[in-house]
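Engineer: Okay, here's the prediction I keep looking at, along with the sequence it came from:
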Amino acid sequence: MKKALFLLLLIGLIGIYSCQKTFLQKPSTAGTTTLQTVYSSSVNAISALLQCYRNTLVQGWPGGLNFSHGALASISGERSRGYSWHGTYTITTSGLSADPGNDVPGGSAESADNYVTDYANIRANFLVAENIDQVPDMDATNKAYVKAEVAGLNAYCYTNMFIRYGGVPIVTKSFEPSDNLDVPRATLAQTLAYALQLCNTAIAGLPDKWPASATGGDQTGRMTKGAALAIEAKLLMFAARPLFNSATPYLDAGANNNLICFGSYDATRWQTAITANEAVLTWAAANGYSLINTGGGTGVPDVNALDDYGTATSTPDNQEVLLAYKDDNANQSDGGTTGKWFNMSPYWTSDRYDTDLVGMLSNFLPNYYRNDGTDQTWPQVGDGQHPGSEYLSKMASMEPRFLADNMGPGFDAANNPGDNNWSDNGWGRGLANSSVYPNSSYGKGDATSTKFYYHAGSRVWFEYPLFRLAETYLNLAEAYNEAGNSAKALENLNMVHNRAGLPSITVTDQTQLRAIIQREWAVEFYNEEHRYYDVKHWKLPTIGTNIIGGPMREFQFTENGLANGNLASTISVVTYYDAVVYQTYWSPKMYLEPFPVSEVNKLIIKQNPGY
């Protein structure tokens, strides 16, 4: 497996600084480092840059920046909310809040973003760009690359803030104490323009591929022109979607409406997004990146879908990933994103209670197809109990993406076949936790996530993919459909759908196709920090009744007195049914995140409406 230059550089700093085997980990300097020290050598300067990567790209981590426990999937109707001490539990119970909560870093809001760190990261990024010319042993070409990387990192940060908040303060340099720090929010249009400016700077200055370093190290993982193109494509997609691309805002903010809405619908925004995403595909084709499909073709289902999709989401440095968050550290914590908790042992072999309450919800399960491309029929609330044999049969017939990303109660994980550490027996994932929920499986839900670990074996870390080419194809499917070009929409949609091992979609009606494309987004990017923002920017009509808000449902299993039965071995005495297990909160104010009350109280930042 390739290791990025980042790791090699950090290992080379042993003896100068203390460090970990952690991607983008800035070495400890114990308060003695000055700018002159940092930029006195290329090794020190690159180390500072890598810390910028780590702190900026973690904004795309599945747990967001604001949850010490939990992940965004637990507040977007994909999986259960967790325990009462999880930030996700608080948000699903009472909604987003401008006030800090118990699970929130100091000074921030109860939301999916840690606003107080955003500008600290932007300042740190600018410091690198502003001081890199001081480095005596770095040539002009590499100094220019570093400046372009910083532009890309700040473009990434501004894109995410644009999506989360709307218009935000624009900062173009690292501030000094003597500068005026009272920077108000820019309008939505101004924020978009500045983020695009950063993207264009990065695109113009970054290489297509990083050459080997002077010491022969692999630099895989540093931002490329393709990554910057993908950031721009994402930014323009969210500019075109209904939340911002509208004559009226989601809530009236009076004189501040231009902070959260463009004030008009402009169909050309979809065409602009198409152009940007086509540029990503053009770059990818010229530089060795492609959707992984080894067993299919145009319009033909991929017979190797389980392996190909699993590789795309789980294998470091694969040909589909344009940018990843690299933290190859056995002690990393993923906020409960999957069934793995990394500060335990190399194998996950016990039924740790932390993962009991983060199973897939029945609200989300119907998004998945059967392996023949048809819809699966699941029990509904109130229609009685069904035999366990039916459950086994239905789960076994699910599409490859479901099998790659999940293990249902009573099943071994298909993503690591034959490995006891990924088996129902090895995990001890019996149906009931008798000390908490006897004779039921509440919290383990309809399935437990195993995503990001396809053929991982004993590997306990994973490299979270921030941009996969599947996103580009679905961006194009969505944008072409909104532009009225169903043929091109289907062409791009079926690239992803066929790779999933499913027959082509042929629907051409714009409204019906829109729903199918949105469904594809849900399945392809389950647990990848997309749905929480997608459903809000689409303004889906069921967002408050079946997605972020409303009754959340999970399968329950009746075991006739068995304390901790294995479904496969107790099938004759097991039944299952669907049930509402809790209610979640939704308010239209939650379309955008709140600014922390500590910032609003400075009377510079205008709060988003409703908070």
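Structural biologist: That came through fine.

Engineer: Show me the helices in the stretch 101-250 of the chain, by range?
Structural biologist: For the stretch 101-250 of the chain, the helices defined by DSSP state H, counting those that start in this stretch occupy 115-131, 140-165, 188-205, 225-240.

Engineer: tell me the most buried of the ones you listed?
Structural biologist: Across those, averaging neighbours per residue (mean count of other CB atoms under 10 Å) puts helix 225-240 on top, at a mean of 26. (Each C-beta comes from the backbone N, C-alpha and C, glycine too.)

Engineer: any idea of the mean pLDDT for that one?
Structural biologist: Helix 225-240 carries an average pLDDT of 98.

Engineer: so what secondary structure elements neighbour the helix or strand following that helix?
Structural biologist: Next helix or strand after helix 225-240 toward the C-terminus (DSSP states H and E): helix 268-286. Secondary-structure packing of helix 268-286 (3 or more CB pairs under 8 Å, 6 or more residues apart in numbering; DSSP states H and E): helix 225-240, helix 469-482.

Engineer: Need the pLDDT of G335.
Structural biologist: pLDDT for G335: 42.

Engineer: got it, and the one 4 residues further on?
Structural biologist: On pLDDT, G339 comes in at 36.

Engineer: Could you do the one 5 residues further on as well?
Structural biologist: Reading off the per-residue confidence, M344 sits at a pLDDT of 26.

Engineer: again with the one 4 residues further on
Structural biologist: Per-residue confidence at W348 stands at 41 (pLDDT).

Engineer: Backbone torsions only: list them for P387.
Structural biologist: The phi/psi pair for P387 (degrees, to the nearest 10) reads phi -70, psi 150.

Engineer: gap between it and T558?
Structural biologist: Look at P387 and T558: by CB to CB, to the nearest Å, they are 11 Å apart.

Engineer: just A202 next, same as before
Structural biologist: Computed as CB to CB, the A202 to T558 distance reads 56 Å.

Engineer: Tell me the helix or strand right after the helix or strand F557 falls within.
Structural biologist: Per DSSP H and E, F557 falls inside strand 550-558. Going down the chain from strand 550-558, the next helix or strand is strand 575-584, by DSSP H and E.

Engineer: Residues in contact with that following strand: which ones?
Structural biologist: With contacts defined as CB atoms under 8 Å, 6 or more residues apart in numbering, strand 575-584 is touched by 75, 77, 80-81, 92-93, 362, 378-381, 383-388, 390-391, 442-443, 548-558.

Engineer: Point out where the stretch 401-550 of the chain drops to low pLDDT.
Structural biologist: 427-444 (pLDDT under 70).

Engineer: one more time with 80
Structural biologist: 409-411, 421, 423-444, 460-461 (pLDDT under 80).

Engineer: Let me see the ranges of the strands in it.
Structural biologist: Taking DSSP state E, counting those that start in this stretch as the criterion, the stretch 401-550 of the chain contains strands spanning 406-407, 448-449, 464-468, 550-558.

Engineer: Reformat these as TSV; add mean neighbour count and distance to P594.
Structural biologist: Output for the strands of the stretch 401-550 of the chain, formatted as TSV (neighbours: other CB atoms under 10 Å; distance: least, CB to CB, whole Å):
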stretch	mean neighbour count	distance to P594
strand 406-407	26	32
strand 448-449	25	28
strand 464-468	23	25
strand 550-558	22	21
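
Engineer: picking that back up, among the contacts of strand 575-584, name the buried ones.
Structural biologist: Buried subset of those (neighbour count, 16 or more other CB atoms under 10 Å): 75, 77, 80-81, 92, 362, 378-379, 386, 388, 391, 442-443, 548-550, 552-558.

Engineer: so what sits against both of P387 and T558?
Structural biologist: 574-575.

Engineer: Need the per-residue pLDDT for E176.
Structural biologist: E176 carries a pLDDT value of 84.

Engineer: What is the burial count for it?
Structural biologist: 7 (other CB atoms under 10 Å).

Engineer: From L357, how far off is it?
Structural biologist: Separation of E176 from L357 (CB to CB) stands at 47 Å.

Engineer: And L513, how far from A500?
Structural biologist: Distance, L513 to A500, by CB to CB: 17 Å.

Engineer: what does D113 give?
Structural biologist: Distance, D113 to A500, by CB to CB: 31 Å.

Engineer: and if you look at A109?
Structural biologist: For A109, the distance to A500 (CB to CB) stands at 37 Å.

Engineer: hmm, back to that, would you mind saying which of the helices and strands packed on helix 268-286 lies nearest D118?
Structural biologist: Comparison of these against D118 by CB to CB identifies helix 225-240 as nearest, at 15.6 Å.

Engineer: That closest one vs helix 469-482, what angle?
Structural biologist: Angle of helix 225-240 versus helix 469-482, following axes from the mean of the first three to the mean of the last three CA atoms, to 10 degrees, is 40 degrees.

Engineer: And helix 225-240, how far out from the chain middle?
Structural biologist: Chain-centre distance of helix 225-240: 15 Å, with CA atoms, centre = their mean, to the nearest Å.
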